[in-house]
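Novice: got a structure for you, letters missing:
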């Protein structure tokens, strides 16, 4: 008898082994990529990414009010929000030193510009030289930007990043960072709708206007139109005739108290 053909079986087995080896190689490369991302990300980058998203949300929320007062200021806020939102994704991945340096420069510059606008006032614009008041939206945004600056400095200074040993620990950190940033950003975004440029005046916080000669108009007071309190009219100046008082016809004996009838 002739022996059964073995060549097709060998070819089939070889093809199966090759497919299995290819699948194993792809799975190994996938695990190495995930491990590299987990090692390079770390808790700091996750926190910085969410903080950058929070700052982008507040900047985008206050941009319409800035457009109304000064269009160039509104453009600045929109551009800053776009950069901060776009920076978050590379920060979570294997971002290099250039990405961290760009995040540090932009956020540090935004904080510095905010400090100038709240202390001495911006040197240009419709409110040049007038410092603005600090509100909750400002403090929340500056806090987010400060977190990004601290993490970027740490990433630039340290050479070895500390990642996560498991996906569970990474998920816990992501959930905590996302919940914390969201809890701070949502109230700030809601208040951003009422955000306005308010500047302190010479009369404490009372709004006032200047006259044609630059003098402050007198504050109106009840009863007077020139800021001078009204004086009570003297007797006989009211226009009404003075009425004589009726004389009393009662007499009292000495030592007795007077009484009214």
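Specialist: On my side now, so go ahead. All values reported here derive from a predicted model rather than from experimental measurement. Numbers count the residues shown, from 1 in each chain.
Novice: if I read this right, residue 145 contacts residue 55, doesn't it?
Specialist: Yes: contact criterion Cβ atoms under 8 Å: residue 145 and residue 55 qualify, at 5.3 Å. The way it works is simple: take the backbone N, C-alpha and C, and place the C-beta from them, glycine included.
Novice: Can you pick out the residue with more neighbours from these two?
Specialist: More crowded of residue 145 and residue 55, by other Cβ atoms under 10 Å: residue 55, with 32 against 26.
Novice: Where does the prediction get shaky in the stretch 51-200 of the chain?
Specialist: Counting by pLDDT under 70, the stretch 51-200 of the chain shows low-confidence ranges at 94, 159-162, 194-200.
Novice: Quick one: the strands in it, in order.
Specialist: Assigned by DSSP state E, counting those that start in this stretch, the stretch 51-200 of the chain shows no strands.
Novice: which residues touch residue 116?
Specialist: Contacts of residue 116 were listed using Cβ atoms under 8 Å, 6 or more residues apart in numbering, and they are residue 122.
Novice: show me the contacts for residue 156.
Specialist: So residue 156 contacts 97, 100, 101, 104 (Cβ under 8 Å, 6+ apart).
Novice: So which bits of stretch 68-83 are buried?
Specialist: Neighbour counts using 16 or more other Cβ atoms under 10 Å place 70, 73, 74, 76, 77, 78, 80, 81, 83 of stretch 68-83 among the buried residues.
Novice: Report the separation between the fourth one and residue 83.
Specialist: As defined by Cβ to Cβ, to the nearest Å, residue 76 lies at a distance of 11 Å from residue 83.
Novice: now do the first one
Specialist: Counting by Cβ to Cβ, the separation of residue 70 from residue 83 is 20 Å.
Novice: Same check on residue 61?
Specialist: Counting by Cβ to Cβ, the gap between residue 61 and residue 83 amounts to 16 Å.
Novice: again with residue 174
Specialist: Taking Cβ to Cβ, one finds residue 174 at 22 Å from residue 83.
Novice: next one: residue 99
Specialist: The separation that residue 99 has from residue 83, given Cβ to Cβ, amounts to 11 Å.
Novice: same thing with residue 150?
Specialist: Distance, residue 150 to residue 83, using Cβ to Cβ: 18 Å.
Novice: Same question for residue 105.
Specialist: Separation of residue 105 from residue 83 (Cβ to Cβ): 10 Å.
Novice: Residue 65 too?
Specialist: 20 Å.
Novice: For the residue nearest to residue 140 when sequence neighbours are not counted, list the residues it contacts.
Specialist: Nearest non-adjacent residue to residue 140, counting by Cβ to Cβ, 6 or more residues apart in numbering: residue 188, 4.0 Å away. Counting by Cβ under 8 Å, 6+ apart, residue 188 makes contact with 57, 58, 61, 136, 137, 140, 141.
Novice: out of these, which are buried?
Specialist: Buried by 16+ other Cβ under 10 Å: 57, 58, 61, 137, 140, 141, out of those.
Novice: So which of those residues sit within helices?
Specialist: Mapping these onto helices (DSSP state H) picks out 57, 58, 61, 137, 140, 141.
Novice: quick check, nearest of those residues to residue 164?
Specialist: Nearest to residue 164 among these is residue 57, at 26.2 Å by Cβ to Cβ.
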